[in-house]
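Sequence and predicted structure below; questions after.
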Amino acid sequence: MPGRVISTLFLLALHCFLIAPVVAYTALSDNFLRLIPSGGDDFDIEKGKLLAPILIPRVPGTPGQVAVQKHFVDFFTNELPKWSIEWYNSTSKTPTSGNKELPFANLVFKREPPWVKEGQSNLLTLAAHYDSLITPEGFIGATDSAVPCAILMHTARYIDKFITQMHDEMSALGEGGTVAMDMGVQIILFDGEEAFKSWSATDSCYGSRALAERWENSFHPAMSLYRNPLDQISIFVLLDLLGSPDPTIPSLFLQTHWAYKAMASIEDRMRKLDLLESKPQRPFLPEMEKEPTAFRPLYIDDDHKPFITRGVPILHMIASPFPDVWHTMKDDGAHLDMPTVRDWSKIVTAFALEWLDMMEVEPVEAKGASASGP
């Protein structure tokens, strides 16, 4: 996804910042941070339950694509049965397919409060793309984006029990049915992000373009709190190009800089508590103190583009500059920095817990303990 300067989109993001609602946000305690696991062996590149099955070529329209789709669906079906599974299928011709329509399938895994009706919950949205580049042949795309997908699976698995506890307690207290409390989470795994020939507005982001358009025109029933699925997205966090050592993640949008600061604070606190394994030259998220006047119309094309142009608030978690292995055969499991991978799994999981206000159900039976396994 080559970088591009698009001033119009920056101005749109600034406009959204001016009208964006304030969202309550409670930081996790040190105790809670200590309990968040890294995923451990589940990120092993050969036998890891989460990551290893994704480290194969997965070009749209190939058996690899189908195998990885099955991996995702089996995981949520067997381990997280309370999450809904939705397929959003589309087809498109590409510069390499001639007159043949290739299939693209976005997968959306969602957990909402059991009492909400359609269009009533606000949704933390975590996303990554799962397809891989068509050339060079045999390209794996470990950072791009097998690792982000595995991180999101890990995050879903860990937060699930706290979501259940929160829902049970809210139901017992009769607290459901309010805008602030009716929070849910959805994970979007996009297909067709990569270009087939050369990155352009029409040869890239096939799945996300189709989904954003569909959601824009999918209206909820009358009297729903949110008009369509796009309006339900409280923030759209897109992970990409993660897993190489010493990443630098810039804060790209003033509208969501406060959320960037929240994630950067998590990293900072975890490092001070000695909960992270990696020893980078500087923090993964170094722009916590970035001033509003420092934001420039720098824009990196990716799956968020069809959403930000429709007014969705975006937190783009992408390494910039891109990793040295980007779009080369070295972007494979062997070239991942596993301490960095495991640290990202902790940071993203903690961010999700904070966003969903899970201090309300903080574990109290194991204060002072820490966790590193699944």
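The structure has been received and is ready for your questions. Residues are numbered from 1 along each chain as shown.

So what's the predicted local confidence for the nearest residue to K197 once chain neighbours are set aside?
Spatial nearest neighbour of K197, excluding adjacent residues (CB to CB, 6 or more residues apart in numbering): P95 at 3.8 Å. Where C-beta positions appear, they are placed from N, C-alpha and C, glycine not excepted. Model confidence at P95, given as pLDDT, is 96.

low pLDDT regions in the protein?
1-24, 177-180, 298, 365-374 (pLDDT under 70).

Relative to the centre of it, find the outermost residue for me.
N99 (33.1 Å; CA atoms, centre = their mean).

my read: that residue touches K93, true?
Yes - using CB atoms under 8 Å, N99 is in contact with K93, at 6.8 Å.

Check whether A52 really touches D44, as I assumed.
Yes - at 6.4 Å, A52 counts as touching D44 under the criterion of CB under 8 Å.

Looking at those two, which one has more neighbours?
A52 (18 against 15; other CB atoms under 10 Å).

quick one, longest helix in the protein?
helix 147-173 (DSSP state H).

which residues in the stretch 101-250 of the chain form strands?
102-111, 122-129, 183-190, 233-240 (DSSP state E, counting those that start in this stretch).

Looking at those strands, spot the one closest to E79.
strand 102-111 (11.1 Å; CB to CB).

Give me the contact list for that closest one.
60-61, 65, 69, 72-73, 76, 80, 82-94, 123, 130, 156, 160, 163, 184-192, 206-208, 210-211 (CB atoms under 8 Å, 6 or more residues apart in numbering).

Among these, name the ones in helices.
65, 69, 72-73, 76, 156, 160, 163, 206-208, 210-211.

just the buried members of those?
Among the ones in helices among the contacts of strand 102-111, those scoring as buried are Q65, Q69, F72, F76, A156, D160, I163, Y206, G207, S208, A210, L211 (criterion: 16 or more other CB atoms under 10 Å).

Skipping adjacent residues, who's closest to A212 in space?
P306 (3.5 Å).

name the helices or strands packed onto the host helix or strand of the one you found?
In this structure, P306 sits in helix 305-308 according to DSSP states H and E. The contact analysis (3 or more CB pairs under 8 Å, 6 or more residues apart in numbering; DSSP states H and E) places helix 305-308 against helix 7-19, helix 206-216, strand 233-240.
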